[in-house]
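[1] Turn this into a structure:
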Amino acid sequence: MTIATLHRPLSLTLATLGLISLVACGGGGGGGGGGNSSSSAPVAVDTTPNAISFAATENAEPNAQITSPAVTISGINAATPISITGGEYSIAGGAFTSTAGTISNGQTLTVRVTASDKTNTPKEITVTVGGVSAKFVVTTLADTTPDAFAFTAKTDVAVNSEHTSEVATINGIDIAVPVSITGGLYSIHGAEFTSATGTVFAGQTIAVKTTAANKTDTTQNAVLSVGSISSTFAVTTIPDTTPPVAEFKFPTPYTMSEANSVKVRGTATDDHAITSVKLVVRSYKLETPNETISSVEITATPKAEGDYSSWTAEVPLTTLAENEIKVVATDDRNNSTVTEMANKIAIRQAPIVSAFPDELNQFGDTSGGIIIDKLNGRNRLLVSDPSEAKIYSASIATGERSLYKDLGSSNSDVRGMVIDDSVEVPVLYANEYIEGNILKINLADGATINTYHSDLYQRSRALVLEEKDDVKRLVSINPGEFDRNSDVVAFNLQTEEFFTVFSDVDYSLIPSTNGFALDKSRNRYLATVRDSDSNLYGIYSIDRTTGKRQPFSTNEVGAGELFPDRTALQGIAIDEEKSVMYVPEYRSGKLFAIELDTGERRVAADLSYTNADGVITSGIISIQIDSSAQITYVGDTDRDSVLVVDVLTGEKVILSKSKNDF
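    Okay, here's the model as predicted:
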């Protein structure tokens, strides 16, 4: 029974009994404030909640059960119906259910769903509370791992050749994924080949291109990465069947030595590692070259373990015999030099007085200067003989001498030579010490093109060809009267005028000198100095701009090996690449190596020898360097010979020599 049904009978009963009366205050009329009882209107029921939302979940694992963050229900004042499709819900942390129910204001609500079993696929559930719905969307992670793909390797291809793979189709991904490559280029769906990082979609094709290695039996790998999967396009060059190339750097092909052994030096190169270098030495008499006296095999010593880019070997020489030396190298593919085809040299062992290679066109003196001429296939030294006023040609390969130019006068004693190969017809410039002439000579045939005279060039001993301020000129040292007060003088090749380079006498005067050279990178000249009166000995520098001269390497300036007392330093050979100069000392036979940056000295070789009388002597003056082989050619006036000197090992042999009678 409700209150409403009880109210009506009770009212009627009270009225019948006369118990209902009206009570008025202050007379009739309406007015306020008369009663002392009241009643409130009932509150309306609200079951429509405020809006509900759930943050979506991305990158879910397939088939994973995902629960939403909790939300709090608000905006209702009575228990409100709740239902869900596609998932389950939990109220206030209770058990998850999919059955419809009710939820009250202030309670929390979470939902959960099982993610799709497919990648990159959304799945949603809908929860409804009092007519208000909210979705919870769960999307599985994308598949960025493609199916495996492969490229067929190529073998036996030519070195440095270009190769393109077959195409591979990319599958197994459902979004674009990164693609990158190392060691080559790639092309997507026939587009231009590139090495830049890009993206690829499922169903697209990719081809790879690479260039084969520049040596044999070597694999070049182009590695293509698509997402987390990589595949290699391997290109392998033809097998290595070629033996290493082994060569001699010292000595030159045919030389002579009075010693019982000679340290030879060379190089060996190959596409692959070299395992050994051996020297096969066969000795025979000059008169019977087909008759072997002895044969021995020597193992070379590498520059460092396994590094045969430079090697040395001490080779014994059979006395009074020709010693043929062949170099045989083997690589790690077991390819060896065929002995019959190997590079070779020969060293004649003979007494110091002997002529070599023969007695034709013998030197009378080799102090006038040496120049290397390898232009147009020539391989020779030009050697000035002041005593006979001749210039000889000596073959670097055989040591054989021939007359290059007869100067025709006892006063035509050439003491300095330089080649100008920058002109259409290369020329040799030579200065005549006594006459003060500069000879312009056709380098190829020795014919005189012109003669230029100046007293400035009398008694000059060296020539430098240089270009300064766009003027090509020949520069030398004029030693002055009695070999004192030397001036730097020059000959302008364009105007054919002679001049003194520095007008300030305080800077232009230097003591007497035999050697003079250009150190271009340091903007200076270098001169050998000897002056017993002032006790000045050593190497001086002369600034090319100011003419200022100062000691560069003397016993007081620059560290290292001391010059001998009253040193007689001679010619200068500069190796710009190695930043070193080489200077022979006449009396001791020492070949000094001097660092161009510091002036520090060391002895590169001892060129003295014991003559037939058992006396240790020397007479080295002129010098020229072959930087590529790290050897110098030195003129020895006592032996009337040209020596070949290894500046790395200090070893020496004779390239060409007159017969001596001492």
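[2] Surely Ser309 is in contact with Lys303?
    Yes - with contacts defined as C-beta atoms under 8 Å, Ser309 counts as touching Lys303 at a distance of 6.0 Å. Glycine gets a C-beta too; all of them are placed from N, C-alpha and C.
[3] tell me which residues of stretch 376-384 are tucked away?
    Neighbour counts using 16 or more other C-beta atoms under 10 Å place Arg380, Leu381, Leu382, Val383, Ser384 of stretch 376-384 among the buried residues.
[4] pLDDT averaged over it - what is it?
    If you average the pLDDT over stretch 376-384, you get 96.
[5] For it, measure first residue to last.
    When the termini of stretch 376-384 are compared using C-alpha to C-alpha, to the nearest Å, they are 21 Å apart.
[6] Equivalent analysis for stretch 543-561, please.
    Rule used - C-alpha to C-alpha; the end-to-end distance of stretch 543-561 is 25 Å.
[7] got the buried residues for that stretch?
    The neighbour-count criterion (16+ other C-beta under 10 Å) identifies Arg544, Gly547, Arg549, Pro551, Phe552, Ser553, Thr554, Gly558, Gly560, Glu561 as the buried residues of stretch 543-561.
[8] Just say helix, strand or coil for the residue nearest to Ala350 when sequence neighbours are not counted.
    Taking C-beta to C-beta, 6 or more residues apart in numbering as the measure, Ala350 lies nearest to Met256, with 5.6 Å between them; neighbours along the chain are not counted. In three-state terms, and counting by DSSP: H, G, I helix; E, B strand; the rest coil, Met256 is strand.
[9] Can you get me a residue count around Met256?
    In terms of burial, Met256 registers 25 neighbours under the definition other C-beta atoms under 10 Å.
[10] Any idea what the nearest residue to Asn492 once chain neighbours are set aside is bridged to?
    Closest residue to Asn492 apart from its sequence neighbours, by C-beta to C-beta, 6+ apart: Arg473 at 5.2 Å. The residues listed as beta-bridge partners of Arg473 by DSSP bridges are Glu466, Asn492.
[11] Go ahead and confirm Arg473 touches Thr495.
    No - under the contact definition of C-beta under 8 Å, Arg473 does not touch Thr495, with a separation of 9.5 Å.
[12] what about those two, which has more around it?
    Relative neighbour count places Arg473 above the other of Arg473 and Thr495, with 21 against 10, counting by other C-beta under 10 Å.
[13] So the more buried one versus Tyr284, what's the distance?
    In this view, Arg473 and Tyr284 are 52 Å apart by C-beta to C-beta, to the nearest Å.
[14] do Ile631 as well
    Between Ile631 and Tyr284 the computed distance is 26 Å (C-beta to C-beta).
[15] quick one: which of the two has more around it?
    Using other C-beta under 10 Å, the more surrounded residue of Ile631 and Tyr284 is Ile631, with 25 against 19.
[16] Show the pLDDT at the more buried one.
    Residue-level confidence at Ile631 comes out at 98, pLDDT.
[17] cool, the one 3 residues further on as well?
    What the model reports as pLDDT for Val634 is 97.
[18] For it, list the residues it contacts.
    Taking C-beta atoms under 8 Å, 6 or more residues apart in numbering as the contact definition, Val634 lies against Ile370, Pro584, Leu591, Leu607, Ile620, Ser622, Ile623, Val642, Leu643, Val645.
[19] Using pLDDT, spot the least trustworthy of those.
    By predicted confidence (pLDDT), the lowest-ranked of the contacts of Val634 is Ile620, with 89.
[20] now that residue, nearest residue through space, not along the chain?
    Closest residue to Ile620 in three dimensions, ignoring its sequence neighbours and counting by C-beta to C-beta, 6+ apart: Pro584, at 4.0 Å.
[21] same deal with Ala92?
    Distance criterion C-beta to C-beta, 6+ apart; nearest residue to Ala92, sequence neighbours excluded, is Gln107 at 4.8 Å.
[22] Now for that neighbour, how many residues are close by?
    For Gln107, the count of nearby residues is 19 (other C-beta under 10 Å).
[23] circling back to that earlier point, tell me the contacts of the residue nearest to Ala350?
    Ile347, Arg348, Gln349, Ala350, Ser354, Phe356, Pro357, Gly399, Val653, Ile654, Lys657.
[24] Could you pull out the buried residues of the host helix or strand of Ile206?
    Secondary-structure element containing Ile206, defined by DSSP states H and E: strand 205-211. Buried residues in strand 205-211, counting neighbours by 16+ other C-beta under 10 Å, are found at Ile206, Ala207, Val208, Lys209, Thr210, Thr211.
[25] From the chain's centre, how far out is it? Work that out for me.
    Computed by C-alpha atoms, centre = their mean, to the nearest Å, the separation of strand 205-211 from the middle of its chain amounts to 28 Å.
[26] Sheet-wise, list the partners of it with their directions.
    Partners of strand 205-211 in the sheet, by DSSP bridges, are strand 162-164 (antiparallel), strand 168-169 (antiparallel), strand 185-188 (antiparallel).
[27] What is the end-to-end distance of stretch 581-595?
    Taking C-alpha to C-alpha, the span from the opening residue of stretch 581-595 to its closing residue is 7 Å.
[28] again, but for stretch 76-83
    Chord length of stretch 76-83, first to last residue, is 16 Å (C-alpha to C-alpha).
[29] Same check on stretch 615-630?
    30 Å.
[30] ok, now stretch 188-207?
    Across stretch 188-207, the straight-line distance between its terminal residues is 7 Å, by C-alpha to C-alpha.
[31] before we move on, the earlier item: report the two of the buried residues of stretch 543-561 separated the most.
    Greatest spatial distance in the buried residues of stretch 543-561: Gly547 and Glu561, 29.5 Å, computed using C-beta to C-beta.
[32] so where's this structure shaky on pLDDT?
    The chain contains residues with pLDDT under 70 at 1-40, 479-485, 503-512, 531-534, 612, 662.
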